[in-house]
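**Q** Quick one, what's the 3D model for this:
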Amino acid sequence: MFRLLSQRNRRNSDAYLPTSSERSRNGARSPRWLTRRYTRIGFLAFLMLSVFALFRTLSRRDGDVYVYVDDPPEKHKLPPLYPEWHARELQLPQHNPNLPYPEGRYGKYLWIPNHVHASGWGNAMQELLMNAFLAYSSGRSFVFDNYTWNREGPDYTDYNGHLIPSRIPLSALITGPTVGDPFPEGDPAPRSVAKEYWDEVCPHPTILHTDVISHAVDSEASALTLLQKGVEVLNGIEEGCVEFDITSWQLFSIWVFGNTRVLDIFPFFAKSPIISQFGWSPLIEAAFDNNRPIFSPTSMLGPYLPYYPFSKKDDKYAPIPGLLVLHIRRGDFEGHCVNLAKWAATYTGFNSFVSLPDHFTPPARDVGCFPSIDQIVTRIEEVRRTTVGQGLKNVYVMTNGDKEWVAELKATLLKTGYFKRVSSSRDVKLNWEQKYVSQSVDMLIGQRAQVLIGNGFSSLTANIVMLRMAKDVPPETNRYW
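**A** Residues are numbered from 1 along each chain as shown. Now for the predicted structure:
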């Protein structure tokens with residue numbers, strides 16, 4: 001948007017404005033109108049900066065950082081339902097029955113109603129992207145749904161005594177071909193469509209039970225094997241509209257993502273537009289930008305000026321120098337870690353890349369799943385001593401821990417003297433709509449870490465690691481407890 005003058009432009013401008021030496025030789029002085037003009041410009045710039053700083057100062061305060069929050073959650077009694085986001089999904093240009101094949105009323109579509117629901121965003125996201133990759137690989141338009149907690153029934157669901165939206169439009173969370181954005185130029189794949197459009201053009205679909213695919217391969221088949229068999233089966237169906245049986249098991253289940261069975265698909269998955277064109281929604285990116293001064297200020301004016309990334313789209317998720325992000329699950333994970341031990345669970349699939357420096361060993365479950373503050377500090381010190389750990393100065397803690405525990409952790413980390421700033425999920429200021437998609441805000445911050453120390457048993461950590469690996473972020477920057 002804003003670019004520095006090129007050397008050529010500067011040379012051209014020199015032809016019109018005399019140099020200081022020329023002015024001295026000629027005894028010329030700057031025209032009074034020019035002096036007044038620059039004075040006015042300078043005054044206006046100073047005034048605008050002062051007003052903006054005051055505006056931020058009058059906004060919500062977090063320590064020495066002021067963060068403006070538009071439409072705070074406290075103003076609302078109920079969670080948002082995201083109607084504008086849903087309306088925009090329905091207005092996608094591919095929702096036109098008159099479009100030529102493979103789109104339109106005679107196009108090829110795949111609707112997967114048995115997708116995971118009533119699960120955290122980490123589990124839902126990994127399956128969503130893999131399902132979209134299956135549709136893409138088979139030459140069919142992916143039919144996307146909502147991020148779903150409750151398929152039917154009321155708009156709100158009680159979750160641990162708090163109301164949450166039962167269904168959230170995916171476009172409020174992510175962007176890319178999975179939610180209907182265009183494929184790269186020259187890619188003939190049909191674009192994804194919303195479920196409502198599917199209902200219009202596919203009133204009588206062919207129902208396919210996933211057992212037809214999964215039972216045709218080994219019970220421990222890899223993700224790539226399942227994909228290849230799925231494409232083979234789908235390509236053998238002439239009908240344009242195919243729907244997975246809602247009563248059948250997910251093709252890419254938690255058992256596929258839960259171990260190394262998922263890894264062989266990654267080279268193809270990562271290069272596909274499903275991942276290469278993946279992005280976070282404007283809602284998520286706005287939360288990141290607005291809270292950047294809290295976890296990694298860009299300059300001395302960081303507390304007052306919002307962060308706007310001027311880099312190209314391919315670079316806007318690049319790691320931020322000096323930022324250490326920690327993913328520390330508490331709350332429900334205390335009991336979950338006990339179950340993982342009973343199941344003899346290992347790190348999840350995308351936390352198990354061979355090129356990563358940390359690999360699961362049986363004692364790791366005791367520390368790595370639910371580390372204490374002392375263990376966290378010890379691990380951070382180990383990572384700081386590595387080559388990739390040099391220069392870490394800001395810490396962001398992704399956590400669902402209670403306020404007292406988080407406060408103790410932050411105080412302990414600051415007391416080490418290694419860090420200028422320590423903040424957490426509890427410190428970010430989110431508006432009404434952002435609050436209920438806050439896991440994605442954390443994931444974006446984690447994706448941009450110089451170094452990430454995550455939970456090897458968590459699908460949320462796994463998704464962050466997968467996105468970083470797909471962007472060729474050095475594997476050694478991804479660590480576990």
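
**Q** what's the distance between Trp249 and His209?
**A** From Trp249 across to His209, the span is 9 Å (C-beta to C-beta, to the nearest Å). Any C-beta I mention is one placed from the backbone N, CA and C, and that applies to glycine too.

**Q** before we move on, what about Arg384?
**A** Taken as C-beta to C-beta, the span from Arg384 to His209 is 52 Å.

**Q** Comparing these two, which shows the higher neighbour count?
**A** Under the criterion of other C-beta atoms under 10 Å, the comparison of Arg384 against His209 puts Arg384 first, with 17 against 14.

**Q** List the contacts of the more buried one.
**A** Gln390, Leu392, Tyr418 (C-beta atoms under 8 Å, 6 or more residues apart in numbering).

**Q** please redo it, this time with the cut-off set to 10 Å
**A** Leu324, Gln390, Gly391, Leu392, Thr416, Tyr418, Phe419, Val451 (C-beta atoms under 10 Å, 6 or more residues apart in numbering).

**Q** what do Trp249 and His209 both touch?
**A** Asn114.

**Q** where are the low-confidence patches of the stretch 51-200 of the chain?
**A** Filtered on pLDDT under 70, the stretch 51-200 of the chain yields the residue ranges 51-68.

**Q** Which parts of it are strands?
**A** 60-62, 65-67, 109-111, 141-144, 146-148, 156-159, 162-165, 167-169, 174-175, 193-194 (DSSP state E, counting those that start in this stretch).

**Q** Nearest to Pro267, out of the ones you listed?
**A** Across the strands of the stretch 51-200 of the chain, Pro267 has its closest neighbour in strand 141-144 (20.7 Å, C-beta to C-beta).

**Q** Strand partners (parallel or antiparallel) of that closest one?
**A** Strand pairing for strand 141-144, using DSSP bridges, gives strand 109-111 (parallel), strand 193-194 (parallel).

**Q** In CSV: these, plus mean neighbour count and distance to Lys403.
**A** Listed next are the strands paired with strand 141-144 as CSV, based on neighbours: other C-beta atoms under 10 Å; distance: least, C-beta to C-beta, whole Å:
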stretch, mean neighbour count, distance to Lys403
strand 109-111, 26, 43
strand 193-194, 26, 39
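
**Q** Those: which one's closest to Ala118?
**A** strand 109-111 (19.4 Å).

**Q** which SSE is Asn463 in?
**A** helix 459-470 (DSSP states H and E).

**Q** Mind checking the pLDDT average for that helix?
**A** Averaged across helix 459-470, pLDDT comes to 98.

**Q** C-terminal to that helix, what's the next element?
**A** Note on helix 459-470: by DSSP H and E, the next helix or strand toward the C-terminus is strand 478-480.

**Q** For the stretch 301-450 of the chain, just list every one of the helices.
**A** 333-342, 364-368, 373-384, 403-415, 432-435, 438-447 (DSSP state H, counting those that start in this stretch).

**Q** so of these, which one's packed in deepest?
**A** Mean neighbour count (mean count of other C-beta atoms under 10 Å) peaks for helix 438-447 among the helices of the stretch 301-450 of the chain, with a mean of 23.

**Q** what helices or strands is it leaning on?
**A** Applying 3 or more C-beta pairs under 10 Å, 6 or more residues apart in numbering; DSSP states H and E, one finds that helix 438-447 makes contact with helix 121-137, strand 279-280, helix 282-295, strand 323-328, strand 394-399, helix 432-435, strand 451-454, helix 459-470.

**Q** Settle this for me: Pro72 is touching Leu430, isn't it.
**A** Yes. Counting by C-beta atoms under 10 Å, Leu430 is a contact partner of Pro72 at 8.4 Å.

**Q** got the buried residues for stretch 103-112?
**A** By neighbour count on 16 or more other C-beta atoms under 10 Å, the buried set for stretch 103-112 is Glu103, Gly104, Gly107, Lys108, Tyr109, Leu110, Trp111, Ile112.

**Q** So of those, which two are at opposite extremes in space?
**A** Checked with C-beta to C-beta, these reach their widest spread between Gly104 and Ile112, with 20.8 Å between them.

**Q** on that earlier part again, can you redo the strands paired with strand 141-144 as a markdown table with distance to Trp405?
**A** Shown next, in a markdown table, are those (distance: least, C-beta to C-beta, whole Å):
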| stretch | distance to Trp405 |
| --- | --- |
| strand 109-111 | 43 |
| strand 193-194 | 41 |
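
**Q** Out of those strands, which is closest to Asp289?
**A** In terms of C-beta to C-beta, the element of the strands paired with strand 141-144 nearest to Asp289 is strand 193-194, at 27.4 Å.

**Q** Contacts for the closest one, please.
**A** In contact with strand 193-194 (C-beta under 10 Å, 6+ apart) are residues 86, 88-92, 94-96, 103, 107, 109, 111, 141-146, 169-171, 179-180, 200-202.

**Q** switch to 7 Å and redo it
**A** Glu89, Leu90, Leu92, Gln94, His95, Ser141, Val143, Phe144, Gly180 (C-beta atoms under 7 Å, 6 or more residues apart in numbering).

**Q** I figured Phe457 hits Leu340, correct?
**A** Yes. With contacts counted by C-beta atoms under 7 Å, Phe457 reaches Leu340, the gap being 5.7 Å.

**Q** any shared contact partners between those two?
**A** With C-beta under 7 Å, 6+ apart, Phe457 and Leu340 have common neighbours Cys369.

**Q** Tell me which residues touch Asp145, please.
**A** Counted by C-beta under 7 Å, 6+ apart, Asp145 has contacts His115, Lys195.

**Q** Can you tell me how far it is from Gly322?
**A** Applying C-beta to C-beta to Asp145 and Gly322 gives a distance of 39 Å.

**Q** Glu243 now?
**A** 49 Å.

**Q** Same question for Lys429.
**A** 22 Å.

**Q** Show me which of those two is the more surrounded one.
**A** Lys429 (22 against 18).

**Q** okay if I get the helices of the stretch 301-450 of the chain as TSV plus mean pLDDT?
**A** Output for those, formatted as TSV (pLDDT from 0 to 100):
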stretch	mean pLDDT
helix 333-342	68
helix 364-368	61
helix 373-384	96
helix 403-415	97
helix 432-435	98
helix 438-447	98
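
**Q** Gln277 is nearest to which of these?
**A** Of all the helices of the stretch 301-450 of the chain, helix 438-447 comes closest under C-beta to C-beta, at 15.2 Å.

**Q** relative orientation of that closest one and helix 459-470 in degrees?
**A** Here the directions of helix 438-447 and helix 459-470 differ by 40 degrees (axes from the mean of the first three to the mean of the last three C-alpha atoms, to 10 degrees).

**Q** Next, the angle strand 394-399 makes with helix 438-447.
**A** Using the same axes, to 10 degrees, helix 438-447 lies at 140 degrees relative to strand 394-399.

**Q** can you list contacts of helix 438-447?
**A** Contacts of helix 438-447 (C-beta under 7 Å, 6+ apart): 121, 173, 280, 284, 287-288, 295, 317, 325, 327, 396, 398, 425, 428, 430, 434, 452, 460, 463-464, 467-468.

**Q** now that helix against helix 121-137, angle please.
**A** If you take the same axes, to 10 degrees, helix 438-447 sits at 80 degrees to helix 121-137.
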